[in-house]
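*Asks:* what's the 3D shape of this:
(one chain, ligands or ions: 1)
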Amino acid sequence: MIPTRKFQFFSFLFLGILLITFSVYLFNNATKSTKRFNGARAYQDVLNQVVFGPRTPESTAHANAIAYIRKELEKVNWNVQIQETEWQGFRIQNIIASRSELSPSIIIGAHYDSRILADQDTGVRQKEAVPGANDGASGVAVLLELARVIPYNTPPIEFIFFDAEDNGGIANRQWIMGSQAFVASLTNKPKSVVIVDMIGDSDLNICIETNSDSRLVSEIWSMAAKIGNEKYFIATPKYTILDDHIPFLEAGIPAVDIIDFDYPYWHTVADTSDKVSARSLEIVGNTLLAWLETQK
Ligand SMILES: [Zn+2]
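*Replies:* The predicted model follows:
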């Protein structure tokens, strides 16, 4: 009988080890974020916005963009609010997404409107609206895909989709009106604000924007280098840009503008989806995701 008992003992031992191994495997999969930023899915968000037509103020395309952004966020359990306000006599509809009751310590923003006039184009085309595949839709796409994959254990985050960024100098409109209205209504100051704009160019070169907060520049550009993206996040200051980070900086809030301003189709009718690549969206998304995972 002893050999049988021995056999039973080893069978239980074997089963025990198997059970422990399986439990450890399940635990690891439950705690570790396995979601990755999907550039192809983000590129589809660009296509889905561009198909509405230029998202100029008061247009049907603009209303469709709001509905689309809201729907995509609600699908992945973000609470969405539209901040209905006005700035200098113009209607503003900022889209705010959160999933925490706490006030945000990190804000990630992009503008969703596009420009009424392609005034960097030539001749009669200057009277047409900008399709805004890169200037508008690409930033929104990165935010939407981040919202799908961001783990729950980060500090409280808010995504803001700013209205009325891109129509300065047209019919008494100013630039960055949506973010100015948003900052004017802020009650608590976040620790960090990251703006993404024009980051879908298939020839991606993101230099340092000179107004940007130096701590955030250092954190994000060094993370880009760490994960092998230093070719695209170039650690050289180049442009000084009036973008949605400025109202935050003026309010004493650290903010960075991640923008590739070397884009020959800027404010022309040629700012179309074929100039944007899934790969570029993924490089920016993965860099931000890796940076977010280091934030406490
Ligand atoms: Zn623009």
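*Asks:* State the number of residues packed around residue 151.
*Replies:* Using other CB atoms under 10 Å, residue 151 is surrounded by 13 other residues. C-beta coordinates here come from the backbone N, C-alpha and C atoms, glycine included.
*Asks:* Make sure it is actually in contact with residue 290.
*Replies:* No - the pair residue 151 / residue 290 is not scored as a contact, 11.6 Å apart, by CB atoms under 8 Å.
*Asks:* so how far is stretch 56-76 from its chain's centroid?
*Replies:* Centroid separation between stretch 56-76 and its chain, computed with CA atoms, centre = their mean, to the nearest Å, is 15 Å.
*Asks:* quick one: it near the ion?
*Replies:* No - Stretch 56-76 does not reach the ion (CB under 5 Å from the ion); its nearest approach is 11.9 Å.
*Asks:* so who does residue 269 touch?
*Replies:* By CB atoms under 8 Å, 6 or more residues apart in numbering, the contact list for residue 269 reads 118, 121, 125, 128, 130-131.
*Asks:* wait, I meant residue 203
*Replies:* The contact partners of residue 203, by CB under 8 Å, 6+ apart, come to residue 262.
*Asks:* Shouldn't it be within a strand?
*Replies:* No - the assignment for residue 203, made by DSSP: H, G, I helix; E, B strand; the rest coil, is coil rather than a strand.
*Asks:* mind listing the helices for the stretch 1-150 of the chain?
*Replies:* Applying DSSP state H, counting those that start in this stretch to the stretch 1-150 of the chain gives helices spanning 2-31, 39-50, 60-75, 139-149.
*Asks:* Indicate whether stretch 164-184 makes contact with the ion.
*Replies:* Yes - against the ion, stretch 164-184 shows contacts by CB under 5 Å from the ion at residue 166.
*Asks:* Tell me how far the residue positioned nearest the centre of the chain lies from residue 218.
*Replies:* Most central in the chain under CA atoms, centre = their mean is residue 143, positioned 2.8 Å from the mean C-alpha point. Here residue 143 is placed at a distance of 23 Å from residue 218 (CB to CB, to the nearest Å).
*Asks:* low-scoring stretches of the chain, by residue?
*Replies:* 1-34 (pLDDT under 70).
*Asks:* Near the ion, which residues of it? Just list them.
*Replies:* By CB under 5 Å from the ion, the part of the chain that sits against the ion consists of 135, 166.
*Asks:* again, 8 Å this time
*Replies:* 111, 114-115, 130, 132, 135-136, 165-166, 197-198, 266-267 (CB under 8 Å from the ion).
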